Each structure stands twice: as C-alpha cells, then as structure tokens.
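Student: prediction below, plus the sequence it came from.
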Amino acid sequence: MPPLDTIQKGRENKPPRLLIYGQEGVGKAQPLDARVLTPAGFVPMGEIQVGSEIIGSDGKPHKVLGIYPQGEKEVFRVTFRDGCSTECCDDHLWFTQTRGERDRKYPGSVRTLRTIRNSIRYGTHFNHAVPRVAPVEFKRNEPLPLKPWLLGIYLAEGCAGSCITNPEKDIQEKIIACIPEGDKGTVHEDDVKITKAVNSSNIHSRFRAALRALDLEDKISDSKFIPGKYLYSSVADRLDLLQGLCDGDGYVVKPGSVEICTASPQMAKDIMFLIRSLGGSAVCTVRTGKYRKDGELHIVKDSHRIYGVFTNGLVPVASKKQTGKWGAPEWMIRNTIRKVESVGMKVCQCIIIDALDSLYVTDDFILTHNSTIAAAAPNPIFVPTEDGLGEIDCAKFPLARSFSDVQSALTALRDEPHDFQTVVLDSADWLERLIWDQVCAEFGVRCIEKADGGFGKGYVHALTHWRKVVSLLDELRNKRGMIALIIAHSKVERFEDPENAAYDRYTPRLHKHAASLLSEWVDAVLFATRRFRIQKENAGFSGERGIAAPIGADGGERILRTVGSPACIAKNRFGLPSEIPLSWAAFIEAYGKAGASGAK
C-alpha cells in the first residue's frame, strides 16, 4: 500500500492518557460523629467501613471504596435554609450552584467550604445552593401491619381509638378499602369506625391489634409518632403514608407546597424525616397553643407546623379536595447555605464512594461531596506506590515496594482477563523512588547520584525503566482499551526564561528527565489547584507582603488548569477550556464537548 494511502484524518478514538499533579490532599473530611445515610438508616461517619453502602444523590446505595483518616481538624457547622445542618472541615468539598450560575443557567461546580463561607452572600441573596437527594431507596423491607395511607390518616387523627374523623366521601371510601381483611368499616356522617367483622368479646379488631403491635394504640395527639418500619419502607409506601397524613390533617398552601400540623414533637420530627427522604424540603415552626374564651386566655399544647415543598414531581396529597389545589411550584425553593460557624476541633475522616457525581447523603438528608478525581474514573484499578490510599477496596494492588511490583501489576492487567477500564498510577513521584532503587541495585550503589560513575548518569539510566512503564501503559491503552491516569505531587521550581526574568512555577515532583518523558507521552498534563489572586498590603518599614485571596464571589474553588502558564506546567491535546472544575465528571464533559467541536 502506498504510504499516502495510510494517512488518517480526525481524532484517534483511543482512551486518554493523563498526568494530573497538584499539592497533597487537603483533608476533605467530616467529623466521626457526623451522620451518613445508609440503606438501613443514618450511622456515624466513624462506623463507616470499606465495602459499606451509603446513599448517593440518586437515592440509591453506593459502595464505599476507601476511607481516609484526617486526624484532628477545625470543624464548621453548615446550616441550610430549612434548618438542616451538618459539620465538616474547611477544605471539605460541596457541589453548589451560585446566584451567578443560576442566573446564567450554569449547572454549578465543586467548591470547598472555605470558598463558600467567604462568598456566602451575593448582594442581598444567599449565594450557594446544593441539590436535593432523589427519593431514598431503603433496604429494611420490614412487613407493614397496616397499609401506609391508612396509618397516615389515623396518625393525623387527634385522639386514640378506632374512629377516623373525616367528612369527605372519597376519603371515607378509601378508609374502608384499606382496612385489614377481617375488619369492617362503618360510615357515620363525619367519621368511619373500624371494628372486627365478627362479634367476639375476646378478639380485638385487626386494626386495633396492629396499632398495639406498633405501640400506637393508646397514643394521643401529643404522643403519636411514625414507627421506624414505615419511615424506612419503600418509596411508594412512604409516599402513601405522607398522602394519608396530608389528606387527614394537611392542606395545600400554594401549588407545590403543603402544611401539616401536629401537637407531637416526635411526630413533627418524623414528618420532616419523611418529606426529606422523598426529596422534599421541610421546615418546622412551633407556636404556643392558646385560645381565648369569655375573655380568658387558655394555654394548650404547642402546635408544630411543618411546611413541605416538592419540586421533584412527587404529589404528597391524594384526596380529591387536595389534588384539586395541587400544582407545579410557582418558583424553585432552593436549599441555600445560610450560616457557617466554627464548632472547634474534632477527629475527622473522608471517604470515597463509587457514585459518578461523587455525592453522598449526610445529616438531615443533605448532599455533600467525597474524594477524589481518580476514584471517580470509570472502573479504576490502582497501582499504589505510596501508602496514601487509605483503605481502598479490592480495586487496588498491594502497595508496590519495588519497581518489579509495579511491572508485575501492569503486566497482569495486560495479560489476565479483567473488566477494569482505568489504570491509576498513584503516585509518579513515589514510583520514581522505586526506579531509583532499582538503578542503585543494578550498579551496587546506595545513591542515584553515584550510579555508573556519577555525573547524573543514574537519572539517564532511570529513563530506561520509565520507558518500560510507558510501554506497558501503551499496551493497556491500545490492547485493553484502558484509560491511563498518572497522579503526581507538585513542587515549585525556578525557571530560567531566556526571554524574561527567571520566575517560580509549579511542576510535577519528578526529575526533569522523567517529567519531560511523561509530559511528552501523555495527552494532557493537568494541574490541580485553587483560584486565588494575590493582594499586596503594607508590611511596615516600606515593605509589602502578599495575601492570597479568592477571586470574586466564587473564588478559591478547586480547578484543573489545562493550559500552561508562567505559574504552572500544563497542556492538553483535546482543546479543553483553560480551566475546568476538579472532578472527573467535569473533565469528561469538557472532553466530550471538545471532541464534538473538533468533529464539526
């Protein structure tokens, strides 16, 4: 075939080769007493283990891939619009949408708490809003003795007993349809009485027996509660339960929102749990119960008013009267961060889960972010050369203690059957130490500087082993279709610019020969950092000092720089924007857009 006939056009459809470097982990963490939502309920962060399942933003369970102890850190309490709160450290990550992003229809991005608390307001508006969890899929699956809607409308009743007061005909008919088999319902003008179908003085109705089993038979307005097996039931059952509560003692305030009143503090907490577990917003206010009669003021039980809003399409009412008033919300009720305050020092840890968007559910059904970009890559397998991966699950090789361990791991991935899609070398600078040890062993010296007689020859010999690594990664990419992701730490080095004055810049923490080889081989060198500007202030005695400050209202967020500058080494062959958020999802989105643009 003539050489000209072999010419190819367009972008190669091969997995990307990436080198991502930056400063060591900044301790994205929550305290050990923060609660994390699992399919069985909330548990303390300190009880989470590798392999545990926790709830992601989609409401489904996701496995914990790694745990990273962070030691003692300053912890802040983050409070939201509806009174929800949780605790985390200053470098903990959140996915938020700012006021500016909402106005421009941008989806939002990942930011540290430090960034958020320094830009908590945008003018008179609260700036940062976090998404809400989808309806949560619990896994308790306990048998329910009463149909959820029937229990809900009974709990809305103020007193105990077998009568449910409600004059609406469709509700009365539904009560009769929901009563347990073997019981009967008798409709009076304003209520339905549930009794046993066959008269027997020794047997209670199945309805009363179920209430007794649930410890609700003698509970009145200020002592009622929702049993745990109903709070952790399926999405459909919890929605039926909420509809029963709203049909019995709630009303549609305006399209998209409903209000329920109860005299029971525990019932108020349970209703808020129920609404939030279904992806809604719940705010509770307490008013002193009182009335005036014959000029005399009477104090009665406090009224707990729960205001619930649903913007996810769920309808929390079922009766004809209430559904006639329901409609799509007239405006979006956003879960904005209202206050951030320090609560002192606490022992913390962070986790990695296998959710694509890296979000998980913490206290009060709040969505927060986990670590790290490499673990969010498609089905990754780690080749660890430093003991910094915490307790990453089975998708990692044992800690490599020699260069041959790394070679063996990469060779196994090349030759043995598996379904991994990404190989992660973590980290390149620790791998370089293993390569130097290998060179030293070959020449019988203790220092790379003395290999082969010295004069820097050891670093040249090290390139031979680096090329072996690159060759194996190329085979994984070409033969197994795997993404190659190399992680490295950064260093600041002096750059002698022949056209300008010398300056400092960030580079991968590698010898210049190795850094040059890897930078040429990969498709993208990405620098992980934050956006800051340096402000100068008077330091006295005619001196100045620089203070790092966030850029604008949204400054300081974690980003990837994809294009080189005097501040850092970076490049990409994809036509990526010069900055993208520090997340795998953001990289893939930018990568896809760049590919689509290049194909036009």
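Tutor: Arrived safely.

Student: helix, strand or coil for L413?
Tutor: Of the three states, L413 takes helix under DSSP: H, G, I helix; E, B strand; the rest coil.

Student: who's in contact with it?
Tutor: 381, 420, 423, 476, 480, 482 (C-beta atoms under 8 Å, 6 or more residues apart in numbering). No exception for glycine: its C-beta is placed from N, CA and C like everyone else's.

Student: show me what the residue most central in space within the chain is bridged to.
Tutor: Taking C-alpha atoms, centre = their mean, the centroid of the chain lies closest to L359, which sits 1.4 Å from it. Taking DSSP bridges as the rule, L359 bridges to H369.

Student: that one and S57 touch, don't they?
Tutor: Yes. Using C-beta atoms under 8 Å, L359 makes contact with S57 at a distance of 4.0 Å.

Student: quickly list what's touching both of these two.
Tutor: Common contacts of L359 and S57 (C-beta under 8 Å, 6+ apart): 131, 367.

Student: all strands in the stretch 201-350 of the chain, in order from the N-terminus.
Tutor: Secondary structure of the stretch 201-350 of the chain (DSSP state E, counting those that start in this stretch): strands at 250-254, 257-262, 281-293, 296-309, 335-353.

Student: which of those strands is buried the deepest?
Tutor: Of all the strands of the stretch 201-350 of the chain, strand 257-262 carries the top mean neighbour count, a mean of 22, counting by mean count of other C-beta atoms under 10 Å.

Student: return the angle between stretch directions for that one and strand 250-254.
Tutor: Between strand 257-262 and strand 250-254, the angle comes out at 150 degrees (axes from the mean of the first three to the mean of the last three C-alpha atoms, to 10 degrees).

Student: what does strand 257-262 contact?
Tutor: 156, 221, 224, 245-246, 249-253, 268, 271, 303-310, 316-317, 322, 329, 333.

Student: so how far is that strand off the chain centroid?
Tutor: Averaged C-alpha coordinates place strand 257-262 at 29 Å from its chain's average position (C-alpha atoms, centre = their mean, to the nearest Å).

Student: dump it to PDB, restricted to CA.
Tutor: The C-alpha atoms that make up strand 257-262 are tabulated as PDB, following Å, rounded to 0.1, in the frame of the first residue of the first chain:
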ATOM      1  CA  SER A 257     -46.300  23.100  48.900                       C
ATOM      2  CA  VAL A 258     -48.300  21.600  51.800                       C
ATOM      3  CA  GLU A 259     -48.600  22.300  55.500                       C
ATOM      4  CA  ILE A 260     -49.300  19.700  58.300                       C
ATOM      5  CA  CYS A 261     -49.900  20.400  61.900                       C
ATOM      6  CA  THR A 262     -49.300  18.200  64.900                       C
END
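
Student: what lines up beside that strand in the sheet?
Tutor: Strand 257-262 has these partner strands in its sheet, going by DSSP bridges: strand 250-254 (antiparallel), strand 296-309 (antiparallel).

Student: which of these has the lowest mean pLDDT?
Tutor: When those are compared by mean pLDDT, strand 296-309 comes last with a mean of 88.

Student: residues in contact with it: which ones?
Tutor: 221-222, 253, 256-265, 267-268, 271-272, 275, 280-292, 316, 329, 333.

Student: show me what contacts K290?
Tutor: K290 is in contact with 297-300, counting by C-beta under 8 Å, 6+ apart.

Student: would you turn the residues you listed into CSV with distance to D405?
Tutor: Shown next, in CSV, are the contacts of K290 (distance: C-beta to C-beta, whole Å):
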residue, distance to D405
L297, 80
H298, 79
I299, 74
V300, 73
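
Student: pick the one among these closest to P135.
Tutor: Nearest to P135 out of these is V300 (C-beta to C-beta; 35.8 Å).

Student: can you name the farthest residue from the center of this structure?
Tutor: Farthest-out residue of the chain from its mean C-alpha position, per C-alpha atoms, centre = their mean: D294, at 56.8 Å.

Student: report how many residues lie close to M332.
Tutor: For M332, the neighbour count with other C-beta atoms under 10 Å is 10.

Student: equivalent analysis for D497, please.
Tutor: Using other C-beta under 10 Å, D497 is surrounded by 10 other residues.

Student: again, but for D237
Tutor: With other C-beta under 10 Å as criterion, D237 counts 18.

Student: make sure it is actually in contact with L144.
Tutor: Yes. Between D237 and L144 there is a contact under C-beta under 8 Å: 6.6 Å.

Student: would you tell me which helix is longest in the protein?
Tutor: Using DSSP state H, we find that the single longest helix of the chain is helix 457-480.

Student: strands along the stretch 401-550 of the chain, start to end?
Tutor: Taking DSSP E, counting those that start in this stretch as the test, the strands found in the stretch 401-550 of the chain are 422-426, 483-495, 503-508, 524-530, 532-540, 543-550.

Student: between those, which has the poorest average model confidence?
Tutor: Of all the strands of the stretch 401-550 of the chain, strand 543-550 has the smallest average pLDDT, which comes to a mean of 46.

Student: quick one: mean pLDDT for the helix or strand following that strand?
Tutor: Later in the chain than strand 543-550, the nearest helix or strand by DSSP states H and E is strand 558-561. Strand 558-561 carries an average pLDDT of 80.

Student: and what of stretch 572-583?
Tutor: Across stretch 572-583, pLDDT averages out at 86.

Student: that one: which residues count as buried?
Tutor: For stretch 572-583, a neighbour-count test (16 or more other C-beta atoms under 10 Å) marks 572, 574, 576, 579-583 as buried.

Student: can you show me the CA trace of that stretch as PDB?
Tutor: Taking Å, rounded to 0.1, in the frame of the first residue of the first chain, the C-alpha atoms of stretch 572-583 are listed here in PDB:
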ATOM      1  CA  ASN A 572      -3.800  19.200  26.500                       C
ATOM      2  CA  ARG A 573      -4.300  17.800  23.000                       C
ATOM      3  CA  PHE A 574      -8.100  17.900  23.300                       C
ATOM      4  CA  GLY A 575      -8.900  21.600  23.000                       C
ATOM      5  CA  LEU A 576     -10.200  21.800  26.600                       C
ATOM      6  CA  PRO A 577     -11.000  25.100  28.300                       C
ATOM      7  CA  SER A 578      -8.100  26.600  30.100                       C
ATOM      8  CA  GLU A 579      -9.800  25.800  33.500                       C
ATOM      9  CA  ILE A 580     -12.400  23.200  34.400                       C
ATOM     10  CA  PRO A 581     -13.700  22.100  37.800                       C
ATOM     11  CA  LEU A 582     -11.700  19.500  39.700                       C
ATOM     12  CA  SER A 583     -13.900  16.400  39.100                       C
END
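
Student: kind regards, and thank you for your time.
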